[in-house]
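K.L.:
give me the fold of what follows.
(chains A and B)
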Amino acid sequence: MSDLTITLPDGSSRTLPEGSTGLDLAADIGPGLAKAAVIVSVDGEGRDLDRVLADGDSVSVVTADSDEGLHTLRHSTAHVLAQAVLDLWPGATHAIGPPIEHGFYYDFELPGGGVFTADDLEAIDARMREIIAADQAFERFEAGTSEALELFAEHRYKREIIEKVTAGAVDVEMAREASADGTVTWYRNGEGFVDLCTGPHVPSTGRLGHFALQKVAGAYWRGDEKQPMLQRIYGTAWADKKSLKGHLHRLAEAEKRDHRRLAAELDLVSWPDALGPGLAVWHPKGALVRKIIEDYSRARHEAGGYDFVFSPHIAKSVLWETSGHLDFYADGMYPPMELDGASYYPKPMNCPFHVAVFQSGQRSYRDLPQRFFELGAVYRYELSGAVHGLLRSRGFTQDDSHIFCTPDQIPEELASLLDFTLSVLRAFGFEDFQAKLSTRPAEKSVGDDALWNMATDGLQKALESAGLDYVVEEGGGAFYGPKIDVDITDAIGRPWQLSTIQLDFNLPERFELEYVGADGGRHRPVMIHRALMGSIERFFGVLLEHYAGAFPLWLAPEQVRVLPVADEHQAYAEAVRDRLVAAGHRVTVDPADEPLGKRVRAGKVDKVPHVLVVGDDDAFNGTVGDNARGADGPERDLAIDLFLGRLADAEASGALVAGSTGESTS
RNA sequence: GCCCGUGUAGCUCAGUCGGAAGAGCGAUUCACUCGUAAUGAAUAGGUCCGGGGUUCGAUUCCCCGCGCGGGCUCCA
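P.N.:
Just a heads-up that it's a prediction; the model follows:
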């Protein structure tokens, strides 16, 4: 009997008897590892622990605390969910159930068009725990298509997957459900539960258990609204109890900083029913913060070589026909208003207007690059079920610019543009970025190869010189040009896509844009669409959640609140306020109609960066007592001049609060 | 738009197995004038989302709308 030689991730090798499995390998390395092992990864491909290894395999043992191990755990838990549902609803069929970030889901069709209710989750959860307690082994099977079709005769969605797989038309979501090489695999556990699946899975259901079912939702089969609506159950699953608890805690925290809740609590924005879904009104405090954001954006663009333009909210259909929006974006547009025999559409984008500005006169290569900037309000007909506070609305304002340049200018323009973008985002306290470069799609696209290559190289070089982490999405670009999207990561680790830099080789063609070159001839410029914050409304929402409502000093609508200890200190409080206001700060006085403790508390609840208390000592000495947001206690006897200096420093640096005793700026 | 859930005071929510609508916070008024996270009392505030049905009687049960929330899809 010959032995197997297995290479481990650290480069060492191990010899095992022929017929050894992944589990044997793990046990050979150490009993602790054998216990912790979930699957093995053989040459980068996940395998069940009980599968036999081959001589020369390069193997790493995957444990539940790794991403791949967690993925497996969640996938296996999804199977148990399906098993429980099929047990409890005879006649139900299961569609797909992949692992997702933090958990898993499974889609079902219940007999007679039935639906799940929230109460059903409890029963399903209980049945799942029985299956886990029974510690049923996951067994893997492999066979040809016809046998598989027979096995899943009662399950139309499984059959559809098998047929698709056989035809070679596998999409990403289904890739986990079946292999593409003509054979079909499935897993069985318990008496009779089988599920089409490429695996791998944990050895047995006893390895699972740290999960929670979260919600039921409708989901179209294959995400297509023309397909049947299935019943989806979402759950979260983790390697141990502590991780599960931690995750549920983080969810609760995220809910507390929901921008819609904070917008109401801090009196910033509201969504009156009478306006319609996705349409907000801005209250004075919210509008003040928004104005500061917009003023900052304008100042940066003014200093950054942009020319400001304005454009109307509606335009005749001919504009949208020329731009092509009516062909490929009509679903996203509000319907037209018929006026004077013409159709006027609310604008879903600003680009055609900026093109019109470009076209208003003859352009020379000496004028380029020409950068037009506008805080442009646009209206998009989002599905009523898709709107989400400020993060997804039907009317919003883009910090929109269109840059017209020569092809030669592309690389330099992109490099400085990306620097500019990151600089603006950093000013708002965002530090973690993740970029995505989307390249030319495989099918149809416009523009010649040289242009695409120059633009794509330019984007890539810009990313590299900016030192940004990025992933490349091959073929992910629009038909009219490559692009970069930049995500920021917020204070609790969630990514948000904000900025986009998008090359466009199409609109210059459609509008027949030209500039006069150095050679005296006419040439076609390239267009760059770009938005840094994306949408002011959405950016505001992201900021609100990022800071949990506690805006940095320079953005806070009310920066300082002065509390006189008693009525007799009112005059001094007002004098303090007037001095701070004269220095350009936003300050109010809260008179002594309520006990001091109550007013201090109100200031904290309103997340005012500085609550000043002034009494006899302060009036006599020209000082204040400062309660900085986030500080452990008050700082007494602070000279007003000193406090003013700190305020100015904090405003300039973008700090959360002034001075050294409050919140840290990290 | 589709599936599920949900709608009671400005906010957060009780409640009515169908029989006179409640609390806390907030607001207003009065008293208190206070050195650091909720002073006391009083008052005001509701077509119980809208319309229809069942009933002697509907905020409660049923039907249809509308709003909101979670998903599907898309993206700023």
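K.L.:
chain neighbours aside, what residue packs nearest to A:Arg123?
P.N.:
Heads up, residue A:123 is Ala, not Arg. In this structure, A:Ala123 finds its nearest non-sequential neighbour in A:Leu88, 6.2 Å apart by C-beta to C-beta, 6 or more residues apart in numbering. All C-beta atoms are positioned from the backbone trio N, CA, C, and that covers glycine.
K.L.:
is it true that that neighbour touches A:Glu122?
P.N.:
No: the criterion here is C-beta atoms under 8 Å, and A:Leu88 misses it with A:Glu122 at 11.2 Å.
K.L.:
who's more crowded, those two?
P.N.:
The neighbour count for A:Leu88 versus A:Glu122, taken as other C-beta atoms under 10 Å, is higher for A:Leu88 (13 against 10).
K.L.:
who's in contact with the more buried one?
P.N.:
Contact analysis of A:Leu88 by C-beta atoms under 8 Å, 6 or more residues apart in numbering lists A:123-124, A:127.
K.L.:
just the buried members of these?
P.N.:
Buried members of these, scored by 16 or more other C-beta atoms under 10 Å, are A:124, A:127.
K.L.:
redo the contacts of A:Leu88 as a markdown table? Include secondary structure, pLDDT and distance to A:Val624.
P.N.:
As requested, those are exported to a markdown table (DSSP: H, G, I helix; E, B strand; the rest coil; pLDDT from 0 to 100; distance: C-beta to C-beta, whole Å):
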| residue | secondary structure | pLDDT | distance to A:Val624 |
| --- | --- | --- | --- |
| A:Ala123 | helix | 85 | 61 |
| A:Ile124 | helix | 90 | 59 |
| A:Arg127 | helix | 91 | 63 |
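K.L.:
RNA strand B: which of the contacts of A:Leu88 is nearest?
P.N.:
The closest of the contacts of A:Leu88 to RNA strand B turns out to be A:Ile124 (C-beta to the nearest atom of the strand; 13.8 Å).
K.L.:
pLDDT value on the nearest residue to the closest one once chain neighbours are set aside, please?
P.N.:
Distances taken as C-beta to C-beta, 6+ apart place A:Ala84 nearest to A:Ile124, at 5.0 Å, with adjacent residues excluded. On pLDDT, A:Ala84 comes in at 92.
K.L.:
please apply the same query to A:Ile96.
P.N.:
The model reports A:Ile96 with a pLDDT of 89.
K.L.:
quick check: it vs RNA strand B, distance?
P.N.:
Here the criterion is C-beta to the nearest atom of the strand, to the nearest Å. By it, A:Ile96 lies 11 Å from RNA strand B.
K.L.:
quick check: that residue is in a helix.
P.N.:
No: counting by DSSP: H, G, I helix; E, B strand; the rest coil, A:Ile96 is not part of a helix but coil.
K.L.:
what is the burial count for A:His610?
P.N.:
Residues within reach of A:His610, counting by other C-beta under 10 Å, total 29.
K.L.:
any idea how far the closest residue to it other than its chain neighbours is from RNA strand B?
P.N.:
Excluding the flanking residues, the one nearest A:His610 by C-beta to C-beta, 6+ apart is A:Val560, at 4.5 Å. The spacing between A:Val560 and RNA strand B, counted by C-beta to the nearest atom of the strand, is 13 Å.
K.L.:
which ones are touching A:Val560?
P.N.:
A:577, A:580, A:585-588, A:608-612, A:647.
K.L.:
which strand residues bridge it?
P.N.:
With DSSP bridges as the criterion, A:Val560 is bridged to A:Val587, A:His610.
K.L.:
biggest helix in chain A, by residue count?
P.N.:
Taking DSSP state H as the criterion, chain A has its longest helix at helix A:67-88.
K.L.:
the stretch 151-300 of chain A: strands as residue ranges?
P.N.:
Using DSSP state E, counting those that start in this stretch, the strands found in the stretch 151-300 of chain A span residues A:184-189, A:193-196, A:211-220, A:229-237, A:269-270, A:281-282.
K.L.:
for the fifth one, which strands pair with it and how are they oriented?
P.N.:
Translated: strand A:269-270. Strand A:269-270 sits in its sheet next to strand A:281-282 (antiparallel), going by DSSP bridges.
K.L.:
within range of RNA strand B, give me the residues from the stretch 351-500 of chain A.
P.N.:
Listed as neighbours of RNA strand B in the stretch 351-500 of chain A under the rule C-beta under 7 Å from any atom of the strand: A:380, A:382-389, A:391-394, A:396, A:398, A:485, A:497-498, A:500.
K.L.:
try 10 Å
P.N.:
A:378-400, A:476, A:478, A:483, A:485-487, A:496-500 (C-beta under 10 Å from any atom of the strand).
K.L.:
the closest residue to RNA strand B within the stretch 401-550 of chain A in helix, strand or coil?
P.N.:
Closest residue of the stretch 401-550 of chain A to RNA strand B, C-beta to the nearest atom of the strand: A:Gly534 (3.1 Å). For A:Gly534, the secondary-structure state derived from three-state DSSP is coil.
K.L.:
confirm for me that it is in contact with A:Gln398.
P.N.:
Yes: counting by C-beta under 8 Å, A:Gly534 touches A:Gln398, with 7.0 Å between them.
K.L.:
higher neighbour count, the two?
P.N.:
Per other C-beta under 10 Å, whichever of A:Gly534 and A:Gln398 has more neighbours is A:Gln398, with 23 against 20.
K.L.:
okay but the more buried one is in contact with A:Gly376, surely?
P.N.:
Yes: the pair A:Gln398 and A:Gly376 qualifies as a contact (C-beta under 8 Å) at a distance of 5.4 Å.
K.L.:
need the overlap of contacts for those two.
P.N.:
By C-beta under 8 Å, 6+ apart, A:Gln398 and A:Gly376 have these common neighbours: A:Asn350.
K.L.:
show me where pLDDT drops low in chain A?
P.N.:
A:1, A:167-182, A:660-666 (pLDDT under 70).
K.L.:
let me know the helix or strand that the most centrally placed residue in chain A is in.
P.N.:
For chain A, the residue nearest the mean C-alpha position is A:Trp496 (3.4 Å; C-alpha atoms, centre = their mean). In the assignment (DSSP states H and E), A:Trp496 maps to strand A:495-504.
K.L.:
in CSV, could you pull the C-alpha coordinates for that strand?
P.N.:
Backbone C-alpha positions of strand A:495-504 (Å, rounded to 0.1, in the frame of the first residue of the first chain) are rendered in CSV as follows:
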residue,chain,number,x,y,z
PRO,A,495,-19.4,50.2,3.0
TRP,A,496,-21.2,53.0,1.1
GLN,A,497,-20.7,53.8,-2.5
LEU,A,498,-20.3,57.5,-2.8
SER,A,499,-18.0,58.7,-5.6
THR,A,500,-18.1,57.7,-9.2
ILE,A,501,-15.7,58.7,-12.0
GLN,A,502,-17.1,57.6,-15.4
LEU,A,503,-15.6,58.0,-18.8
ASP,A,504,-18.0,58.6,-21.7
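K.L.:
packing partners of it?
P.N.:
Judged by 3 or more C-beta pairs under 8 Å, 6 or more residues apart in numbering; DSSP states H and E, strand A:495-504 is in contact with helix A:410-427, helix A:449-465, strand A:483-489, strand A:526-531, helix A:536-546.
K.L.:
A:Gly304 is nearest to which of these?
P.N.:
Comparing the helices and strands packed on strand A:495-504 against A:Gly304 with C-beta to C-beta, the closest turns out to be helix A:410-427 (5.7 Å).
K.L.:
list the buried residues in the following helix or strand past the closest one.
P.N.:
Once the chain leaves helix A:410-427, the next helix or strand it forms, by DSSP H and E, is strand A:433-438. Neighbour-count burial for strand A:433-438, counted by 16+ other C-beta under 10 Å, picks out A:433, A:435-438.
K.L.:
what is the nearest of those to A:Glu139?
P.N.:
A:Lys436 (40.0 Å).
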